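J.: Return atomic coordinates for the entry below.
(one chain, ligands or ions: 1)
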Amino acid sequence: MRFRVNVNANSDIIIIGSGAAGLTAALNLAPHYKVLVLAKGGLSEGSTAWAQGGIAAVLEPGDSFENHIEDTMVAGAGLNNRATVEMVVENAPKAIARLVELGVPFNNEGNHLHLTREGGHSHRRIAHVDDATGWAVQQALEKAAQAHPNITLVPDMVAIDLITGRHADPYSGESHVWGVYALNRKTKHVETLTARATILATGGAGRTYLFSTAPRGATGDGIAMAWRAGCRVANMEMNQFHPTCLYNLEVKNFLITEAVRGEGGILKIPTTGHRFMPDFDERAELAPRDVVARAIDHEIKRLGLDYVHLDISHKPPEFIKEHFPNIYMRLLDLDIDITKEPIPIVPAQHYTCGGVVIDLDGRTDLPGLYAAGEVSQSGLHGANRLASNSLLECFVFGEAAAQHIHANWERLPPPPPIHAWDESRVTDSDEEVIVKHNWSEIRRFMWDYVGIVRTTKRLERAAHRVHLLRREVEEYYGNFRVTPDLIELRNLIEVADLIVRSALARKESRGLHYTRDYPELLAEARDTVLVP
Ligand SMILES: Cc1cc2nc3c(=O)[nH]c(=O)nc-3n(C[C@H](O)[C@H](O)[C@H](O)COP(=O)(O)OP(=O)(O)OC[C@H]3O[C@@H](n4cnc5c(N)ncnc54)[C@H](O)[C@@H]3O)c2cc1C
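T.: Numbers count the residues shown, from 1 in each chain. This next block holds a predicted model:
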């Protein structure tokens, strides 16, 4: 069949993702350009809306940029890029001020912002809106974007692959990125969306794991798209896990706050009732997050368990209901009465530290392509993320990418004619079960073999499975019409591969990467950079 040629280059810039990073970039570009913002489902369905704690910034008298930089570097186990850390930390107060201008109703104390303190921060530094900061931020950004005549927000548009010279007519072989092919969920057609610059703001890849606190759409699409188009990807082995997520095969992302342990909750082996944390750390259940997560993982793997118990039922029922009303009610709905019985819990993937390599301007390796937020590896987090630094990264890099595009607009060539998506050789799938099965299989083996405590043997097992599944998924992808689930599955296997390869490449234990075969820390901190 002949290709249709797309000549519809109706937006200047395409932003893939409508969370904190994408909308920040859009608002910074909109005074000068026409911006198209895509979301693969609803506009508020990314991680941004789920962020609870808040946003870190030096705002307390007595605190300093140097302190925040130091705390970030300590958390990142020396793998951070100091220039990035400085840039983000120094821009944080300004970012908060802009959110205040946009109407984010931060909690106040007198005429100052109320600041909380979180683990790893040496000062009170977290600006917040109760315990639902992300929701308030998402609403304020969306409202401002919706009101801007130069911003078009397009939900239900699933980006599939970036458009480069390979898709041009005539073929040019140029690596410049000119937009994206995206599946419109409503019409079920693949659209060719072109622009002079493209920003990836697609969030993380938490759903590569069976248990994750991230929303359903966190399937690493941006990382996989950038990798396929030719960008370097770095530090994918650095996945942060939250120690206590409800174990329930239907509800896979309900967090049990660390305050339950703070108020006396005890971690036990379900079969024997043995309290195991004192075997690992003298601070027992109050040890730092990573130590607790590692201990739980160790016991689960050693004993072949599905979960361990977190028990607070020894406290008076009134105390429990008063301190944890939401958890109490939510678990009661699932037939677990926490005043009488323990909670089955597992650690869950919480944050993707690695991603698409960017510079201080948010530029990727490909001309015309930028990235910001959790999809990227900017050098801010290093080997572990300091709490509440991640939303901040979205604001600072969303703006940096916008500024660079504006300053270099004349150097960004307009898109050439681009081939439309070719569906001439595919049919509708008659075996959706394969997609569902492979989704589950990837997330299960990643959980079992590439989780918190790793060994070379387990990683090699995972690599073997990636290899087999990749062949199956590619064959399926080549034969059938794309669906949102198939697009995500293809990206999940890509991202799983990148994580496993990165984990195998790191011959030490640093930050979030812990392997029993290389428990020592090497003298020099080096990024794991994968080159396509
Ligand atoms: C439960 C939870 C609590 C958290 N608490 C905090 C906190 O207190 N403080 C903090 O700093 N951080 C916190 N984080 C992390 C923080 O929320 C995220 O790192 C941040 O929101 C990421 O923003 P983003 O803009 O990069 O991506 P997201 O907000 O995840 O947005 C991604 C966007 O990309 C779109 N997208 C993805 N793939 C495609 C595709 N193929 N096609 C089209 N669109 C696509 C999605 O639809 C979405 O609009 C928390 C995370 C979770 C899960």
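J.: Spatially nearest residue to residue 473 (excluding sequence neighbours)?
T.: Leaving aside its chain neighbours, residue 473 sits nearest to residue 493 (5.1 Å; criterion: C-beta to C-beta, 6 or more residues apart in numbering). For glycine as for every other residue, the C-beta is placed from the backbone atoms N, C-alpha and C.
J.: By proximity to the ligand, which residue of the stretch 301-450 of the chain wins?
T.: Residue nearest to the ligand within the stretch 301-450 of the chain: residue 373 (2.3 Å; C-beta to the nearest ligand atom).
J.: That residue against residue 25, yeah?
T.: No. In this structure, residue 373 is not within contact of residue 25 by C-beta atoms under 8 Å, at 9.1 Å.
J.: looking only at pLDDT, what's the mean for the longest helix that the chain contains?
T.: Longest helix of the chain, by residue count under DSSP state H: helix 456-479. Helix 456-479 comes out with an average pLDDT of 95.
J.: ok, and for that helix, which residues are buried?
T.: 458, 459, 461, 462, 463, 465, 466, 469, 470, 473, 476, 477 (16 or more other C-beta atoms under 10 Å).
J.: coming back round to it: state the mean pLDDT of the host helix or strand of the residue nearest to residue 473.
T.: Residue 493 belongs to helix 484-505 when assigned by DSSP states H and E. Helix 484-505 carries an average pLDDT of 97.
J.: swap in stretch 314-323?
T.: Stretch 314-323 comes out at a mean pLDDT of 92.
J.: So what touches it?
T.: 259, 263, 264, 266, 312, 313, 328, 338, 339 (C-beta atoms under 8 Å, 6 or more residues apart in numbering).
J.: What about these, which are in strands?
T.: Using DSSP state E, the members of those that fall in strands are residue 266.
J.: separation between the residue most central in space within the chain and the ligand?
T.: Centroid check for the chain by C-alpha atoms, centre = their mean gives residue 204 as the closest residue, at 2.1 Å. Distance of residue 204 to the ligand, computed by C-beta to the nearest ligand atom, to the nearest Å: 6 Å.
J.: Quick check on that residue: phi, psi?
T.: Taking degrees, to the nearest 10, you get phi -90, psi -170 for the backbone angles of residue 204.
J.: need the contact list for it.
T.: 47, 214, 218, 220, 351, 352, 355, 374, 375 are the contacts of residue 204 under C-beta under 8 Å, 6+ apart.
J.: okay if I get those residues as TSV plus neighbour count, pLDDT and secondary structure?
T.: Shown next, in TSV, are these (neighbours: other C-beta atoms under 10 Å; pLDDT from 0 to 100; DSSP: H, G, I helix; E, B strand; the rest coil):
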residue	neighbour count	pLDDT	secondary structure
47	26	97	helix
214	24	93	coil
218	27	97	coil
220	30	98	coil
351	24	96	strand
352	31	98	strand
355	31	98	strand
374	35	98	helix
375	30	98	helix
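J.: Going by neighbour count, which residues in the helix holding residue 493 are buried?
T.: Burial within helix 484-505, assessed by neighbour count using 16+ other C-beta under 10 Å, is assigned to 484-504.
J.: got it, and stretch 241-260?
T.: Quick answer for stretch 241-260 (16+ other C-beta under 10 Å): 241-248, 252-258, 260.
J.: which one of the contacts of stretch 314-323 sits closest to residue 527?
T.: Of all those, residue 527 sits closest to residue 259, with 34.5 Å by C-beta to C-beta.
J.: hang on, the earlier thing: excluding covalently adjacent residues, which one is nearest to the residue of the stretch 301-450 of the chain closest to the ligand?
T.: residue 21 (2.9 Å).
J.: likewise residue 332?
T.: Closest residue in space to residue 332, ignoring its immediate chain neighbours: residue 338 at 8.0 Å, by C-beta to C-beta, 6+ apart.
J.: Can you report how many residues lie near residue 53?
T.: Look at residue 53: counted by other C-beta atoms under 10 Å, it has 17 neighbours.
J.: What spatial separation is found between it and the ligand?
T.: From residue 53 to the ligand the distance is 3 Å (C-beta to the nearest ligand atom).
J.: Report pLDDT for the residue lying closest to that residue once chain neighbours are set aside.
T.: The shortest distance from residue 53 to any non-neighbouring residue, by C-beta to C-beta, 6+ apart, is to residue 388 (5.2 Å). Here the pLDDT value assigned to residue 388 is 91.
J.: can I assume residue 388 is in contact with residue 71?
T.: No. At 10.7 Å, residue 388 and residue 71 do not qualify as touching, with contact defined as C-beta under 8 Å.
J.: so what sits against both of those two?
T.: residue 121.
J.: Please identify which of the two sits among more neighbours.
T.: Set side by side, residue 388 and residue 71 show more neighbours around residue 388, with 25 against 21, by other C-beta under 10 Å.
J.: Assign a three-state SS to the more buried one, would you?
T.: Under DSSP: H, G, I helix; E, B strand; the rest coil, residue 388 falls in the coil class.
J.: contacting residues for it?
T.: 53, 54, 55, 56, 118, 121, 125, 126.
J.: Restricted to strands, list these.
T.: Among these, DSSP E puts 55, 56, 126 in strands.
J.: tell me, what's touching residue 373 and residue 25 both at once?
T.: By C-beta under 8 Å, 6+ apart, residue 373 and residue 25 have these common neighbours: 201, 398.
J.: In the stretch 251-400 of the chain, mark out all the helices, start to finish.
T.: In the stretch 251-400 of the chain, the helices defined using DSSP state H, counting those that start in this stretch lie at 259-262, 289-303, 317-323, 325-333, 390-407.
J.: need the contact list for the closest residue to residue 261 other than its chain neighbours.
T.: Excluding the flanking residues, the one nearest residue 261 by C-beta to C-beta, 6+ apart is residue 285, at 4.3 Å. Applying C-beta under 8 Å, 6+ apart to residue 285 gives the contacts 261, 265, 266, 267, 277, 292.
J.: Do you know the pLDDT at residue 285?
T.: So, for residue 285, pLDDT stands at 89.
J.: got a list of what residue 510 touches?
T.: 77, 78, 79, 383, 521, 522, 525.
J.: closest to the ligand among the residues you listed?
T.: residue 383 (16.5 Å).
J.: Quick one: name the residues of the stretch 351-500 of the chain near the ligand.
T.: For the stretch 351-500 of the chain, the residues in contact with the ligand (C-beta under 6 Å from any ligand atom) are 351, 373, 374, 375, 388, 390, 391, 394.
J.: burial measure for the second one, as a count.
T.: Translated: residue 373. Should you count by other C-beta under 10 Å, residue 373 turns out to have 34 residues around it.
J.: Quickly find the element holding whichever residue of the stretch 101-250 of the chain sits closest to the ligand.
T.: Using C-beta to the nearest ligand atom, the point where the stretch 101-250 of the chain gets nearest to the ligand is residue 203, with a distance of 2.6 Å. Assigned by DSSP H and E, residue 203 falls within no helix or strand.
J.: secondary structure class for the nearest residue to residue 513 once chain neighbours are set aside?
T.: Of all residues not flanking residue 513 in the chain, residue 237 sits nearest, at 4.6 Å (C-beta to C-beta, 6+ apart). Classification of residue 237 using three-state DSSP returns coil.
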